[in-house]
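1. fold the following, please.
(2 chains)
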Amino acid sequence: MKITIERAALLRSLSHIQNVVERRTTIPILSNVKLEARDENLALTATDLDLTLMANEKADVIDPGVTTVSAHTFFDIVRKFPGEAAITLEQAAGSTEMTVEAGRSVFHLPCLAADEFPAMSLEELDVRFEILPADLARLIDKTRFAISTEETRYYLNGIHMHAAGSGPTGTLRGVATDGHRLSRVEVPLPPGAENMPPIIVPRKTVGEIRKLIETAGDVPVQVAVSSARIQFGCGPDMLVSRLIDGTFPDYERVIPMSNERVASLPAKVFAEAVDRVATISTEKARAVKLAFDTGKITISAVSADAGRAVEELDAEYPDGALEIGFNARYILDMMSQIDGGEVRIEMANAAAPTVVRDPADSGALYVLMPMRV
Amino acid sequence: MSRIRRLDEGTINRIAAGEVIERPASVVKELVENAIDAGAGRIDVFIDDAGRRLIAVEDDGIGMSPEELPIAVLRHATSKLVDDDLVRITTLGFRGEALPSIGSIARLSLRSRPQGAAEGFELLVDGDEVGALRPTAMRPGSRVEVRDLFYRTPARLKFLRSDRAETQAIVEVLKRLALAHPDIAFRLVADDRQLLDYEARLAVDGGAQEDRVRAILGQAAFTNMLRVEAARAEVRLLAFAGLPTAARGDGRAQFFMVNRRPVQDRLLKSTLRAAYSDLLFHDRQPVAALFLDVEASALDVNVHPTKAEIRFRAPDDVRGLIIGSLKRALAEHGHRADTALGQDAARLFRPGGLGRGWRGPGPAGPGLMEAALAYQAPLPGTADSHVNGDLAEAGFAPGSAPRQETNPEGEDGARPGTASSADPWPLGAARAQLHENFIVAQTREGLIIVDQHAAHERIVYERLKAGLHAGGVARQALLLPEIVELEGGEQSVLIGRADELAELGLVLEGFGEGAVIVREVPAILGQSSVAALVRDLAHDLEEMGQAVRLKEAIDKVAGTMACHGSVRAGRRLTIEEMNALLRRMETTPFTGQCIHGRPTYISLGLAEIERLFGRRA
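-> This is a model prediction of the structure:
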């Protein structure tokens, strides 16, 4: 194999590839990236067995061939080459080394045979549709903060996606929860997605596809789904991932529909005030208390060590005094997803789920469980 | 095809022997218990070949009349159950199994002369054969000899361990019995060598008990113990609790006496462990002797053939009493560190040629590092190593309580827990900081060296913990309540303590058969696994009746925060800062150890320093 390729192109692919490759693995071949050169194209593939990414770059293929080298080492080398360098990759037939050459630098990297590399699953994915990168990004951004990291409830370790309704009013939903808070976001249902099975996309996959969209521009993302696997075609790159094999809880049940005490307040001012007051709650739980009363909200925190803090804000709130505690971090995570100038908080009492809405975005809804302080 | 038939008496006895008599030490236990129940003031035990060839127990108790002797070797014959009352058992034995069991597997000789009788009688039992009574000359009391143990059950003989191990087991059994009965003199002679000799103390009060504890555990261990007395309802506790820094790698130095009966009870062991929770490093075990007096009817000893296990009518009272009083005592003396640490350090300071400490020029501070290592090793001069050593090498010097001679302080008779209580500033005045981590302070009695990080860590931790538990634990309500499947009776145990758990931040309710639904969790635990926590808790509650794991989980977070929030090694402190730290250590509980159980300071007495320079012998 012998090719010449621009540094910028190779670096773009490798930066995605090296995210997929786990730093510590017991199977040596999984530390490697597979390089396949033919037809003026270099295909780079990496996998952690759950998630496989194949990136393609234009290259000057002098001698086609296929091999594998350590993904992290290769990435570090390419990263450190100067800006405009043209890089030559060469592996002589029968050699167990690949040379990486740019300018006057030469690196010899040990290779593992490409036929040891796990093959990408070629199973048929029956549901196919296209989704706008902006819509997919929105589904991810507004939900991923609520994904659970606790592994015994593995079915919460990802974003639940499913079709709700059909035709022009139908939506594609993304839902995530860690049992303490929940986020639900809707985008218009892409044609062809009506028959999609309900799925749970694992956190790592969510992160990788989000990064791919970033570099893909406006070109629609090609999605193919079965109940066990999802595939994203994003420009020249393709990501295939296993889905979480589990049932997402019936989340609709925990979203209250008739919380009658409603406060509206300026989003930015509220978030900043909570952040300020929470400075006092040094312990990990970060409890803050919100006291709603006619026309105002009082945010307070108390700590045995650090003292007390109180801040008062004007708010539109006509529904009688109510005191309710929350984890400040949860409030701040959620407030960072509110795009409009206002936030709407709908409460029942100090122990029941509280709904938070963004009046500027009717497709997003957040639920927060109070804390007893 | 064999038919069902009644077993003959000999077989029944051999089966019973299998339960009661496991090894020579079991024989010693049964016979010594008989002697104690016979009101002996002196008990001598002789063994040959680790008890294989001979076990003889001689006492000066009430003795048995010639009429009683043949009955004594019958199964279920006992003088100890008054009116056949199994509810109020005040004697050690009551089952009437020991002698016939032993008789069925060994050659047994029973000699006894009642107090006031003119002569004694002897009865020989060999397997199932009971011989004729013969008069014999002897002092008043009884002597039981067991020869050729297990000769009729060779399988058991094969399972015996080395002579050394079997002798050690006998020593342990006798120590435990002797600990419970300070009013009786005990002697153990093995192959003509005297291994144990404990003098009787007449008054059965705390003082006698204290002397016996010192004799058995050794002076070194004893000076590092706190004496604790407490009572609640029908339970009275006298405890000698070792300082956490004097803990050991195994639980052999833990003694539990209930109504003067040595027991090996899981409940008591786990309770002791709980009393020392967050004071000990990993799996280190405290040194302790606990004496419980419980109204006889509030106790069931008829649980186990060898009576090692017991049941309390009110286990919660017992647990509460032990944990509460020990924690309080340990907290009061929290800044006391083990004196042995200072002595270890002193040894290391010794000039070349004599000690193992000085290695010539080298990296700074080898002595302190080795002191830490020495701390991990078993304490020198303790009872166990003493006996082991004596078994290994010949030339044991007979005499009473030989451990006392090894006490370097020469403070025989010093009561524990009084060393520093009179000094208003026991940790003295800071003089210097060494290597940016060790504070050297001058105290009234010598000097101390403080590990600043370890000490500050404990102070921060105690403050965080107090804050956490005082303000009530903040609870995060769950949007998706978690259902946890449980085993057996765990559900009812959890539900029964739901109020208590709610105070610690865990709100749960029953959910169908054998499951609970968790609605709120302690907020500080963040996103840790609820199911695992609840299962551990249920187990804890069943085992020791306390929500240890929940408190531990919360305290562990506090511990991590404390570690990050405290003064690091390597920070230069001014004298004022150092003094402030010392004063805080004096007023904060448990500052003798850091939260990982390592010592926070060592003290070196002036006497020890003077000895180092040859100013004192």
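2. adjacent strands (with direction) for the lengthiest strand in chain B?
-> In chain B, with assignment by DSSP state E, the single longest strand is strand B:475-485. Using DSSP bridges, strand B:475-485 pairs in its sheet with strand A:371-372 (antiparallel), strand B:515-522 (antiparallel).
3. where along the stretch 1-150 of chain A do the helices fall?
-> Here the stretch 1-150 of chain A has its helices, by DSSP state H, counting those that start in this stretch, at A:7-20, A:71-80, A:133-141.
4. from the chain's centre, how far out does the first one sit?
-> Going back to what we said before, that points to helix A:7-20. Offset of helix A:7-20 from its chain centre (CA atoms, centre = their mean, to the nearest Å): 18 Å.
5. surely residue A:152 meets residue B:531?
-> Yes: counting by CB atoms under 8 Å, residue A:152 sits close enough to residue B:531 to count as a contact (5.4 Å). Yep, even glycine has a C-beta here, placed from its N, CA and C like the rest.
6. show me which of those two is the more surrounded one.
-> residue B:531 (16 against 13; other CB atoms under 10 Å in any protein chain shown).
7. what sits against that one?
-> Residues counted as contacts of residue B:531 (CB atoms under 8 Å, 6 or more residues apart in numbering or on different chains) are A:152, B:482, B:484.
8. next one: phi and psi at it?
-> phi -60, psi -50 (degrees, to the nearest 10).
9. also residue A:320?
-> phi 90, psi 150.
10. that one and residue A:270: what is the separation?
-> 20 Å (CB to CB, to the nearest Å).
11. so these two - more neighbours on which side?
-> residue A:270 (23 against 10).
12. so who does that one touch?
-> A:297, A:313, A:335, A:343.
13. burial of residue B:166, as a residue count?
-> Count around residue B:166 with other CB under 10 Å applied: 19.
14. quick check: closest non-adjacent residue to the closest residue to chain A within the stretch 301-450 of chain B.
-> Per CB to the nearest CB, residue B:331 is where the stretch 301-450 of chain B lies closest to chain A, at 19.0 Å. Using CB to CB, 6 or more residues apart in numbering or on different chains and skipping the chain neighbours, the partner closest in space to residue B:331 is residue B:589 (3.7 Å).
15. name the element that neighbour belongs to?
-> Residue B:589 belongs to no helix or strand when assigned by DSSP states H and E.
16. phi, psi for it please.
-> phi -70, psi 150.
17. distance check, it against residue B:459.
-> Residue B:589 is 10 Å from residue B:459, by CB to CB.
18. likewise for residue A:192?
-> Taken as CB to CB, the span from residue A:192 to residue B:459 is 64 Å.
19. more neighbours, the two?
-> residue B:459 (22 against 13).
20. what's the closest of the contacts of residue A:270 to chain B?
-> Out of those, the member with the shortest distance to chain B (by CB to the nearest CB) is residue A:335, at 17.9 Å.
21. mind listing what the closest one touches?
-> Contacts of residue A:335 (CB under 8 Å, 6+ apart): A:267, A:270, A:271, A:274, A:343.
22. take those and lay them out in JSON lines including secondary structure and pLDDT.
-> Listed next are the contacts of residue A:335 as JSON lines, based on DSSP: H, G, I helix; E, B strand; the rest coil; pLDDT from 0 to 100:
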{"residue": "A:267", "secondary structure": "helix", "pLDDT": "92"}
{"residue": "A:270", "secondary structure": "helix", "pLDDT": "94"}
{"residue": "A:271", "secondary structure": "helix", "pLDDT": "94"}
{"residue": "A:274", "secondary structure": "helix", "pLDDT": "94"}
{"residue": "A:343", "secondary structure": "strand", "pLDDT": "93"}
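23. get me the contact residues on chain A for chain B.
-> A:148-153, A:177-182, A:249, A:254, A:283-285, A:287, A:302-305, A:325, A:327, A:351, A:353, A:367, A:369-373 (CB under 8 Å from any CB of the partner chain).
24. just put the helices of the stretch 1-150 of chain A in JSON lines and tack on mean neighbour count, mean pLDDT and distance to residue B:475.
-> Formatted as JSON lines, these follow (neighbours: other CB atoms under 10 Å in any protein chain shown; pLDDT from 0 to 100; distance: least, CB to CB, whole Å):
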{"stretch": "helix A:7-20", "mean neighbour count": "20", "mean pLDDT": "92", "distance to residue B:475": "38"}
{"stretch": "helix A:71-80", "mean neighbour count": "18", "mean pLDDT": "93", "distance to residue B:475": "44"}
{"stretch": "helix A:133-141", "mean neighbour count": "19", "mean pLDDT": "93", "distance to residue B:475": "30"}
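25. kindly check the end-to-end length of stretch B:125-132 for me.
-> 9 Å (CA to CA, to the nearest Å).
26. all strands for the stretch 201-350 of chain A, in order.
-> A:221-225, A:229-234, A:237-242, A:261-266, A:287-293, A:296-303, A:307-314, A:322-327, A:342-347 (DSSP state E, counting those that start in this stretch).
27. for the residue nearest the centre of chain B, which non-adjacent residue is spatially closest?
-> Centre of chain B computed as the mean C-alpha position; nearest residue by CA atoms, centre = their mean is residue B:254, 1.0 Å away. Nearest residue to residue B:254, sequence neighbours excluded (CB to CB, 6+ apart): residue B:288, at 5.4 Å.
28. who's in contact with that neighbour?
-> B:225, B:239, B:240, B:241, B:242, B:253, B:254, B:255, B:272.
29. same check, this time on residue B:508
-> Taking CB under 8 Å, 6+ apart as the test, what residue B:508 contacts is B:494, B:495, B:498, B:501, B:516, B:517, B:518, B:519, B:534.
30. distance of the third one from residue B:461?
-> As judged by CB to CB, residue B:498 and residue B:461 stand 29 Å apart.
31. same check, this time on the first one
-> Summarising the geometry, the distance separating residue B:494 from residue B:461, computed by CB to CB, is 28 Å.
32. for residue A:266, name its beta-bridge partners.
-> With DSSP bridges as the rule, residue A:266 is bridged to residue A:342.
33. residue A:102 against residue A:85, yeah?
-> Yes: counting by CB under 8 Å, residue A:102 does reach residue A:85; the two are 4.2 Å apart.
34. so what sits against both of those two?
-> Common neighbours of residue A:102 and residue A:85 (CB under 8 Å, 6+ apart) are residue A:7.
35. sorry, back to before: residues near the residue nearest to residue B:331, how many?
-> With other CB under 10 Å as criterion, residue B:589 counts 19.
36. contacting residues around it?
-> Residues in contact with residue B:589 (CB under 8 Å, 6+ apart) are B:330, B:331, B:332, B:334, B:462.
37. same list (those residues) but as a markdown table, adding pLDDT, neighbour count and secondary structure.
-> Shown next, in a markdown table, are the contacts of residue B:589 (pLDDT from 0 to 100; neighbours: other CB atoms under 10 Å in any protein chain shown; DSSP: H, G, I helix; E, B strand; the rest coil):
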| residue | pLDDT | neighbour count | secondary structure |
| --- | --- | --- | --- |
| B:330 | 81 | 24 | helix |
| B:331 | 77 | 15 | helix |
| B:332 | 73 | 14 | helix |
| B:334 | 61 | 23 | coil |
| B:462 | 78 | 21 | helix |
